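Asker: Got a sequence here, can you build the structure:
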Amino acid sequence: MGRVLILGGGFGGVATAISLRELLPQNDEIIIVDQKPYFMVGFRKTWAMLDIAPLEEGQRKLKDLERLGIKVIQATVDEIKPESRTAIVDGQVMEADALVVALGIRHATEKIRGFSEHVLNAYTVKDLTHVTDTLRNFKGGRVVVGIFGTPYQCPPAPFEIAFLTKEFFLQRNINVEMEIFTPKPMALPGAGPVHSETVHNRLASAGIEFLPKRKVVAVEQGEIIFENERRPFDLALGVPPHVVVDVIRQSKLIAEDGWVSVNRNTLETAYDGVYAIGDCLKIPLPGGGQLPKAGLMAEQEGQIVAQRIASRFAGEKPTAIFDGKGSCNIEMGNDEAALIEGEFYAEYTPKSIMSDISRQRLTDKHAFESIRLKKWFGS
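Answerer: Numbering: from 1, shown residues only. You can find the predicted model right below:
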């Protein structure tokens, strides 16, 4: 009998557990540990923030996985000891034959002076009610959507927030001037300049000014301070800097750059039987940059890890390889979206294609959520 301990119940953790349950004998133990009691697809936050759809509609209890024979523990991971495939969970020692670290990131708002005081965090559930109330009560003026640090989760999300926030105010006859900034030279570096230009043009058509190469130094009341200029605002929505969660940072898994390093093909760490997946990783790409932090990526990484663990438990040589391919539907307002597909491990530079912009693509995005909730949680 083997035991797999999965730290984290997000996309990567749940996908790993589901795949393992399909591959392993029933007497092999699969355990998920997470502080949160629920699973939720990330883009649900934007829909809830802008009164498009309720947050709770997209949440499912992690405990519902127990019907499949997956044990779920709602607890805090106090310490990770990869050399012994061990975690300290609410003070209790938990050993495993395979350990999967999928604990993600935390929002390091402290890295930008004034962020917490003057910027609405558009990426957190914790502040969602406050953000929504502020948007509902806004009377008009200059609205800024900003990327305050890279890398960050879901590269298209800030641009979706810009499109949908602009529509939110238009539908309420609130007059706003709107802009979105990024420290990068284009909207979606991973998708390349051609597809980024499509996003730039769509922003311009929506009356949203795009400001590339803007690195924030600090935020003051009504003003964002960049390296070479200051820009005023009446309301700011921000994507805060991301760092790994503290329990990973304090472990031996952390690399000098502050992220977890793995074999990009196998998701193996430097420790035997220990894997890491999802947003806590930094996987450099051949042409520069790094693998996007996205739910589908974590899901596919988890499936590969599950296959490799199952092979090991069966005494076979693992052969499953993560190929670095992924896709995402980016909402662009007017009930439309576009599908971006990428081969991120392609030599020299990622290869990507963008579909037409259509209502069908938005339908596909809704299906992305509903299919997983039904398959994984039964509803």
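
Asker: residues in contact with the residue nearest in space to the middle of the chain?
Answerer: What sits nearest the mean C-alpha location of the chain, by CA atoms, centre = their mean, is residue 153, with 3.6 Å. Residue 153 makes contact with 42, 105, 123, 242, 279, 293, 294, according to CB atoms under 8 Å, 6 or more residues apart in numbering. Placement of C-beta: from N, CA and C, glycine included.

Asker: I'd say residue 330 and residue 161 touch.
Answerer: No. Between residue 330 and residue 161 no contact is recorded; they are 11.1 Å apart, counting by CB atoms under 8 Å.

Asker: The two: which has the busier surroundings?
Answerer: residue 330 (29 against 24; other CB atoms under 10 Å).

Asker: helix/strand/coil for that one?
Answerer: strand (DSSP: H, G, I helix; E, B strand; the rest coil).

Asker: For it, which non-adjacent residue is closest in space?
Answerer: Using CB to CB, 6 or more residues apart in numbering and skipping residues adjacent in sequence, the residue nearest residue 330 is residue 156, 3.9 Å away.

Asker: Would you list the phi and psi of residue 209?
Answerer: Dihedral pair for residue 209: phi -80, psi 130, per degrees, to the nearest 10.

Asker: Let me see the contact set for the residue nearest to it when sequence neighbours are not counted.
Answerer: Nearest in space to residue 209, with sequence neighbours left out and distances taken as CB to CB, 6+ apart, is residue 179 at 4.0 Å. Residue 179 is in contact with 142, 143, 144, 145, 208, 209, 210, 211, 231, counting by CB under 8 Å, 6+ apart.

Asker: Farthest pair within those residues?
Answerer: 142 and 210 (15.0 Å; CB to CB).

Asker: Between the two, tell me which one has more neighbours.
Answerer: Between residue 142 and residue 210, counting by other CB under 10 Å, residue 210 is the more crowded of the two (19 against 15).

Asker: For the more buried one, give its distance to residue 259.
Answerer: From residue 210 across to residue 259, the span is 28 Å (CB to CB, to the nearest Å).

Asker: tally of neighbours for residue 15?
Answerer: Residue 15: 27 surrounding residues under other CB under 10 Å.

Asker: Please report phi then psi for it.
Answerer: According to degrees, to the nearest 10, residue 15 has phi -60, psi -40.

Asker: Hmm, it is touching residue 307, no?
Answerer: No. The pair residue 15 and residue 307 fails to qualify as a contact (CB under 8 Å) at a distance of 11.4 Å.

Asker: what touches both of these two?
Answerer: By CB under 8 Å, 6+ apart, no residue touches both residue 15 and residue 307.

Asker: now the helices: where do they sit in the stretch 251-379 of the chain?
Answerer: All helices of the stretch 251-379 of the chain, identified by DSSP state H, counting those that start in this stretch, fall at 295-313, 359-377.

Asker: Starting from residue 35, give me the distance back to the residue nearest to residue 208 when sequence neighbours are not counted.
Answerer: Closest residue to residue 208 apart from its sequence neighbours, by CB to CB, 6+ apart: residue 178 at 4.8 Å. From residue 178 across to residue 35, the span is 35 Å (CB to CB).

Asker: for the stretch 151-300 of the chain, what spans make up the strands?
Answerer: 176-181, 208-211, 216-220, 223-226, 230-232, 235-239, 242-244, 274-276 (DSSP state E, counting those that start in this stretch).

Asker: what would these look like in TSV with distance to residue 312?
Answerer: Formatted as TSV, the strands of the stretch 151-300 of the chain follow (distance: least, CB to CB, whole Å):
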stretch	distance to residue 312
strand 176-181	45
strand 208-211	48
strand 216-220	45
strand 223-226	50
strand 230-232	53
strand 235-239	38
strand 242-244	26
strand 274-276	11
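
Asker: Residue 56: which of the ones you listed is closest?
Answerer: For residue 56, the closest of the strands of the stretch 151-300 of the chain is strand 235-239, at 22.1 Å, according to CB to CB.

Asker: May I have that closest one as PDB, with CA atoms only?
Answerer: What follows is strand 235-239 as a C-alpha-only set of coordinates in PDB (Å, rounded to 0.1, in the frame of the first residue of the first chain):
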ATOM      1  CA  LEU A 235      -9.800  54.300  -8.800                       C
ATOM      2  CA  ALA A 236      -7.100  51.600  -9.200                       C
ATOM      3  CA  LEU A 237      -7.500  47.900  -9.600                       C
ATOM      4  CA  GLY A 238      -4.200  46.000  -9.300                       C
ATOM      5  CA  VAL A 239      -2.600  42.600  -9.800                       C
END
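
Asker: where do the helices sit along the stretch 1-150 of the chain?
Answerer: Using DSSP H, counting those that start in this stretch, helices in the stretch 1-150 of the chain cover 11-23, 44-49, 115-118, 128-137.

Asker: Would you mind finding the most buried of those?
Answerer: helix 11-23 (a mean of 24; mean count of other CB atoms under 10 Å).
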